[in-house]
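[1] no sequence for this one, just the structure:
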(Lines give C-alpha, C1' and ligand atoms only; values in the text may rest on other atoms or scores of the structure.)
Protein backbone atom coordinates (compact mmCIF):
# COMPACT_ATOMS: atom_id res chain seq x y z
CA UNK A 1 0.00 0.00 0.00
CA UNK A 2 2.81 2.41 0.86
CA UNK A 3 4.57 1.67 -2.44
CA UNK A 4 1.39 2.43 -4.36
CA UNK A 5 0.96 5.59 -2.35
CA UNK A 6 4.51 6.67 -3.09
CA UNK A 7 3.91 6.02 -6.77
CA UNK A 8 0.81 8.21 -6.56
CA UNK A 9 2.86 10.97 -4.94
CA UNK A 10 5.44 10.74 -7.70
CA UNK A 11 2.74 10.96 -10.39
CA UNK A 12 1.02 13.84 -8.60
CA UNK A 13 4.30 15.76 -8.40
CA UNK A 14 4.85 15.26 -12.12
CA UNK A 15 1.44 16.83 -12.69
CA UNK A 16 2.03 19.63 -10.17
CA UNK A 17 -0.52 18.26 -7.71
CA UNK A 18 1.49 18.27 -4.48
CA UNK A 19 -1.49 18.92 -2.18
CA UNK A 20 -3.63 15.96 -3.20
CA UNK A 21 -4.25 12.72 -1.33
CA UNK A 22 -0.65 11.67 -1.95
CA UNK A 23 0.60 14.54 0.22
CA UNK A 24 -0.27 12.55 3.37
CA UNK A 25 1.61 9.51 2.11
CA UNK A 26 4.53 11.72 1.15
CA UNK A 27 4.69 13.06 4.71
CA UNK A 28 4.53 9.52 6.13
CA UNK A 29 7.37 8.14 3.98
CA UNK A 30 10.24 9.74 5.95
CA UNK A 31 8.71 8.53 9.23
CA UNK A 32 8.48 5.00 7.87
CA UNK A 33 12.12 5.15 6.80
CA UNK A 34 13.11 6.46 10.24
CA UNK A 35 11.18 3.68 11.96
CA UNK A 36 12.91 1.13 9.72
CA UNK A 37 16.26 2.56 10.90
CA UNK A 38 15.16 2.29 14.53
CA UNK A 39 14.09 -1.29 14.01
CA UNK A 40 17.37 -2.08 12.27
CA UNK A 41 19.35 -0.68 15.20
CA UNK A 42 17.19 -2.55 17.73
CA UNK A 43 17.71 -5.77 15.78
CA UNK A 44 21.47 -5.20 15.85
CA UNK A 45 21.17 -4.56 19.59
CA UNK A 46 19.38 -7.88 20.06
CA UNK A 47 22.03 -9.71 18.04
CA UNK A 48 24.80 -8.09 20.08
CA UNK A 49 23.03 -8.96 23.33
CA UNK A 50 22.57 -12.58 22.23
CA UNK A 51 26.28 -12.85 21.41
CA UNK A 52 27.29 -11.39 24.78
CA UNK A 53 28.45 -8.02 23.43
CA UNK A 54 26.49 -6.08 26.03
CA UNK A 55 28.28 -2.76 25.51
CA UNK A 56 27.59 -2.90 21.76
CA UNK A 57 23.97 -3.85 22.50
CA UNK A 58 23.61 -0.78 24.72
CA UNK A 59 24.99 1.43 21.93
CA UNK A 60 22.61 -0.02 19.35
CA UNK A 61 19.56 0.22 21.62
CA UNK A 62 20.45 3.83 22.50
CA UNK A 63 20.61 4.63 18.77
CA UNK A 64 17.24 2.95 18.24
CA UNK A 65 15.83 4.87 21.20
CA UNK A 66 16.96 8.19 19.71
CA UNK A 67 15.05 7.39 16.52
CA UNK A 68 11.93 6.25 18.37
CA UNK A 69 11.97 9.30 20.67
CA UNK A 70 12.09 11.60 17.64
CA UNK A 71 9.19 9.73 16.04
CA UNK A 72 7.14 9.87 19.25
CA UNK A 73 7.85 13.58 19.57
CA UNK A 74 6.69 14.21 16.00
CA UNK A 75 3.47 12.23 16.59
CA UNK A 76 2.69 11.99 20.33
CA UNK A 77 -0.66 10.28 19.71
CA UNK A 78 0.85 7.37 17.78
CA UNK A 79 0.33 4.09 19.64
CA UNK A 80 3.07 2.52 17.52
CA UNK A 81 5.57 5.21 18.52
CA UNK A 82 4.70 4.75 22.19
CA UNK A 83 5.06 0.97 21.88
CA UNK A 84 8.47 1.39 20.21
CA UNK A 85 9.53 3.64 23.08
CA UNK A 86 8.30 1.19 25.70
CA UNK A 87 10.14 -1.71 24.10
CA UNK A 88 13.34 0.32 23.79
CA UNK A 89 13.21 1.37 27.44
CA UNK A 90 12.59 -2.24 28.46
CA UNK A 91 15.55 -3.49 26.43
CA UNK A 92 17.82 -0.86 27.99
CA UNK A 93 16.57 -2.04 31.39
CA UNK A 94 17.49 -5.61 30.47
CA UNK A 95 20.99 -4.46 29.51
CA UNK A 96 21.37 -2.58 32.79
CA UNK A 97 20.39 -5.75 34.70
CA UNK A 98 22.94 -7.77 32.70
CA UNK A 99 25.59 -5.21 33.67
CA UNK A 100 24.56 -5.29 37.34
CA UNK A 101 23.29 -1.69 37.23
CA UNK A 102 20.03 -2.27 39.09
CA UNK A 103 19.20 1.39 39.83
CA UNK A 104 19.59 2.19 36.13
CA UNK A 105 17.49 -0.84 35.23
CA UNK A 106 14.69 0.43 37.48
CA UNK A 107 14.89 3.81 35.75
CA UNK A 108 14.44 2.21 32.32
CA UNK A 109 11.68 -0.16 33.46
CA UNK A 110 9.80 2.76 35.04
CA UNK A 111 10.03 4.67 31.77
CA UNK A 112 8.82 1.60 29.86
CA UNK A 113 5.82 1.33 32.14
CA UNK A 114 5.00 5.04 31.72
CA UNK A 115 5.24 4.84 27.91
CA UNK A 116 3.01 1.78 27.66
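    Arrived safely. In this text the structure is predicted, and so the values were computed from the model without any measurement.
[2] show me which residues of stretch 58-77 are buried.
    When neighbours are counted by 16 or more other C-beta atoms under 10 Å, the buried residues of stretch 58-77 are found to be 58-61, 63-65, 67-68, 71-72. (Each C-beta comes from the backbone N, C-alpha and C, glycine too.)
[3] actually stretch 93-101, sorry about that
    Within stretch 93-101, the residues scored as buried using 16+ other C-beta under 10 Å are 93-96.
[4] from those, which land in strands?
    Within these, membership in strands is found for no residue, as judged by DSSP state E.
[5] in this protein, where is pLDDT below threshold?
    Regions of the chain meeting the criterion pLDDT under 70 cover residues 1-30.
[6] ok, now how distant is the closest residue to residue 98 other than its chain neighbours from residue 65?
    Distances taken as C-beta to C-beta, 6 or more residues apart in numbering place residue 54 nearest to residue 98, at 5.4 Å, with adjacent residues excluded. If you measure residue 54 against residue 65 using C-beta to C-beta, to the nearest Å, the figure is 16 Å.
[7] dump the residue contacts of the residue nearest the centre of the chain.
    Closest residue to the average C-alpha location of the chain: residue 68 at 3.4 Å, with C-alpha atoms, centre = their mean. Listed by C-beta atoms under 8 Å, 6 or more residues apart in numbering, the contact partners of residue 68 are 35, 38, 81, 84-85, 88.
[8] ditto for residue 94
    By C-beta under 8 Å, 6+ apart, the residues touching residue 94 are 49, 105.
[9] dump the buried residues of stretch 58-77 to CSV, plus secondary structure.
    Supplementary listing: the buried residues of stretch 58-77 in CSV, determined by DSSP: H, G, I helix; E, B strand; the rest coil:
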residue, secondary structure
58, helix
59, helix
60, helix
61, helix
63, helix
64, helix
65, helix
67, helix
68, helix
71, helix
72, helix
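[10] quick one on the thing from earlier: looking at the contacts of residue 68, which one is closest to residue 50?
    Compare each of the contacts of residue 68 with residue 50 using C-beta to C-beta and the shortest gap goes to residue 88, at 16.9 Å.
[11] I am finished for the moment; much appreciated.
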